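[1] next come a sequence and a model predicted from it.
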Amino acid sequence: MPVDMTKIVSLCKRRGFVFQSSEIYGGMGSVWDYGPLGAELKRNVKEAWWRANVYERDDIEGLDAAILMHPRVWEASGHVASFADTLVDCITCKKRFRVDKIQPGSKKCPECGGALTEPRQFNLMFKTHCGAVENEEGIAYLRPETAQGIFVNFSNVIDSLRRKIPFGIAQTGKAFRNEITTGDFTFRSREFEQMEIEYFVKPGTDEEWYRKWVQERLNWYIRFGIKKENLRLREHAKDELAHYAKACTDIEYLFPMDWRELEGIANRTDFDLKAHAKTSGKTLEYFDDQANERYIPYVIEPSGGVDRAVLAFLIDSYREEVVRKEKRVVLGLHKALAPVKAAVLPLLRNRDEVVRMAEGITGDLRSAFRVMYDDTASIGRLYRRQDEIGTPYCVTVDVDSLTDKKVTVRDRDSMEQDRVEASNLKAYLLDKLEGD
Ligand code: ATP
């Protein structure tokens with residue numbers, strides 16, 4: 001049974017993971033701010049993704065394209081014409097619904113039973129203006145996906161890095177969608193972050209690469225701690241596919257509200273490169289010098305949401321246990337994702353030498369990873385605080401530490417304790433943090 005979402009929302013607020021945007025003004029609908037620990041977790045998720053895809057492979061390059069792009073990009077991609085939800089309004093309660101989320105053909109409001117308006121299209125892109133004058137020529141859009149920044153840089157990357165197909169381009173970055181049906185915490189936000197790869201392949205090899213990427217991406221979530229039974233693959237039916245896709249599989253996660261999309265892997269064929277070549281008048285072909293042939297590559301796109309991944313990692317790692325008749329809440333996050341890697345806790349905060357030794361250890365560990373020093377409560381409470389934010393190791397300094405120069409390291413999950421030489425602590429923790 002997945003944890004109740006209210007528990008996650010409350011932990012996120014209480015412990016500084018996620019806050020509502022502009023909260024002191026009553027909040028901004030479906031926009032969220034990441035607090036100190038959320039910012040760390042989100043960075044770690046992106047880092048784990050970047051490492052797995054850019055550093056651990058030799059066929060992917062990174063990119064960081066701008067959010068604002070030439071408006072014709074969005075004409076070529078089809079977003080101006082068709083990046084829209086079909087919506088109906090309830091005449092009685094004024095609520096708005098996506099047609100694909102209510103009963104097919106229904107003319108009645110799913111909430112109050114009132115009559116619904118005829119369906120109409122609503123474009124999801126945020127429009128703005130560049131330059132001093134607000135006219136048609138200055139129209140710009142906040143990108144609704146990061147993918148197009150990759151397509152328009154296809155030739156730049158090939159030429160500057162001398163890449164051969166198959167190869168991919170990866171980037172993480174903000175995307176914006178004026179979502180109408182929102183809710184479910186950060187799951188559907190108006191401003192969010194994506195982590196996308198466009199993997200360019202020779203036409204004819206696309207189906208094989210598509211299947212490989214579905215598996216590769218599924219394994220990534222499992223590697224970083226999501227339980228297998230909470231993940232499933234859902235292949236899109238032909239009539240469900242986006243206009244650019246030949247095939248698409250969603251990796252779905254069992255969120256508290258239901259199974260929902262975490263990431264989509266699509267076979268986008270040569271749709272985007274062809275469309276940009278046509279609209280820009282530039283050649284976006286690849287020349288295979290060994291086979292002496294030119295072609296427009298096909299592209300496989302694994303496209304995930306950082307915020308959805310963060311939410312899934314939080315939900316999946318949350319557990320409540322009873323230890324010596326007391327409830328303990330633990331975020332069993334993968335060590336690579338945990339916002340704080342180790343906490344240093346002096347057992348006696350009124351003993352100067354103990355505090356000084358603990359502070360010295362904290363300073364030393366700081367150069368290696370994110371560490372937190374805390375002496376503001378009893379040891380039981382200090383442990384509980386760290387368990388609740390997923391800190392893998394707590395280091396305690398006690399009176400004996402002053403003479404034997406050893407400290408106690410407690411493991412978050414097993415709660416087992418190890419006595420370790422203070423001088424060897426950094427190496428000991430680094431070794432543990434790098435394991436599994
Ligand atoms: P949905 O059907 O849930 O609206 P989508 O199919 O439109 O999603 P894509 O266009 O495939 O989503 O975007 C790729 C990924 O970006 C999604 O798998 C999701 O993780 C993330 N994403 C998309 N829209 C949002 C949003 N409004 N808030 C947070 N993440 C999002």
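    Cool, got the structure. Numbering: from 1, shown residues only.

[2] any idea what residue 195 is bridged to?
    residue 172, residue 304 (DSSP bridges).

[3] give me the distance between it and residue 146.
    Counting by CB to CB, to the nearest Å, the gap from residue 195 to residue 146 is 8 Å. The C-beta positions use only the backbone N, C-alpha and C, and glycine is treated the same way.

[4] tell me, what's touching the two both at once?
    171, 172 (CB atoms under 8 Å, 6 or more residues apart in numbering).

[5] which residues touch residue 241?
    247, 248.

[6] for the residue of the stretch 51-200 of the chain found nearest the ligand, which non-adjacent residue is spatially closest?
    In the stretch 51-200 of the chain, the residue that lies nearest the ligand is residue 192 (3.6 Å; CB to the nearest ligand atom). Counting by CB to CB, 6 or more residues apart in numbering, residue 192 lies nearest to residue 307, which is 4.8 Å off, once chain neighbours are set aside.

[7] can I take it that the one you found is in a strand?
    No: assessed with DSSP: H, G, I helix; E, B strand; the rest coil, residue 307 is helix; it does not lie in a strand.

[8] what residue spans form the domains of the chain?
    5-71+145-314, 340-434 (automatic domain parsing).

[9] let's have these in TSV, adding mean pLDDT and distance to residue 106.
    Listed next are these as TSV, based on pLDDT from 0 to 100; distance: least, CB to CB, whole Å:
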stretch	mean pLDDT	distance to residue 106
domain 5-71+145-314	96	15
domain 340-434	96	43
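
[10] among those domains, which is nearest residue 100?
    Residue 100 lies closest to domain 5-71+145-314 among these, at 9.0 Å (CB to CB).

[11] now find how far off-centre that closest one is within its chain.
    How far domain 5-71+145-314 lies from its chain's middle: 9 Å, per CA atoms, centre = their mean, to the nearest Å.

[12] with adjacent residues omitted, what lies nearest to residue 371?
    residue 365 (4.4 Å).

[13] residues near that neighbour, how many?
    Neighbours of residue 365 under the rule other CB atoms under 10 Å: 23.

[14] which residues in the stretch 51-200 of the chain form helices?
    71-76, 79-82, 147-151, 154-161 (DSSP state H, counting those that start in this stretch).

[15] list the buried ones in the shortest one?
    Just to be clear, that refers to helix 79-82. 79, 80 (16 or more other CB atoms under 10 Å).

[16] pretty sure residue 220 is touching residue 56, no?
    No: Residue 220 lies out of contact with residue 56 (CB atoms under 8 Å); the separation is 10.6 Å.

[17] check contacts around the spatially closest residue to residue 86 that is not a sequence neighbour.
    Using CB to CB, 6+ apart and skipping the chain neighbours, the partner closest in space to residue 86 is residue 99 (4.4 Å). Residues in contact with residue 99 (CB under 8 Å, 6+ apart) are 85, 86, 87, 88, 119.

[18] just residue 343 next, same as before
    So residue 343 contacts 371, 372, 373, 374, 382, 386, 391, 393, 394, 395 (CB under 8 Å, 6+ apart).

[19] over to residue 163?
    Applying CB under 8 Å, 6+ apart to residue 163 gives the contacts 61, 157.

[20] do you know how far it is from residue 154?
    10 Å.

[21] tell me if I'm right that residue 79 and residue 147 touch.
    No: the pair residue 79 / residue 147 is not scored as a contact, 10.4 Å apart, by CB under 8 Å.

[22] hmm, the host helix or strand of residue 211 touching the ligand?
    For residue 211, the host element (DSSP states H and E) is helix 206-223. No: residues of helix 206-223 contacting the ligand under CB under 6 Å from any ligand atom: none, with a closest distance of 10.5 Å.

[23] now for that helix, which elements pack on it?
    strand 191-201, strand 231-235, strand 247-255, strand 258-269, strand 298-305 (3 or more CB pairs under 8 Å, 6 or more residues apart in numbering; DSSP states H and E).

[24] what helix or strand does residue 316 sit in?
    Per DSSP H and E, residue 316 falls inside helix 306-317.

[25] one more: residue 287?
    Judged by DSSP H and E, residue 287 forms part of strand 286-288.

[26] buried sites along stretch 36-55?
    Result for stretch 36-55 [16+ other CB under 10 Å]: buried residues 37-38, 40-42, 44-46, 48-50, 52-54.

[27] and what of stretch 229-242?
    Across stretch 229-242, burial judged by 16+ other CB under 10 Å covers 230, 231.

[28] now the terminal residues of it, how far apart.
    Terminal residues of stretch 229-242 lie 28 Å apart, using CA to CA, to the nearest Å.

[29] also stretch 295-314?
    The straight-line separation of the ends of stretch 295-314 (CA to CA) is 44 Å.
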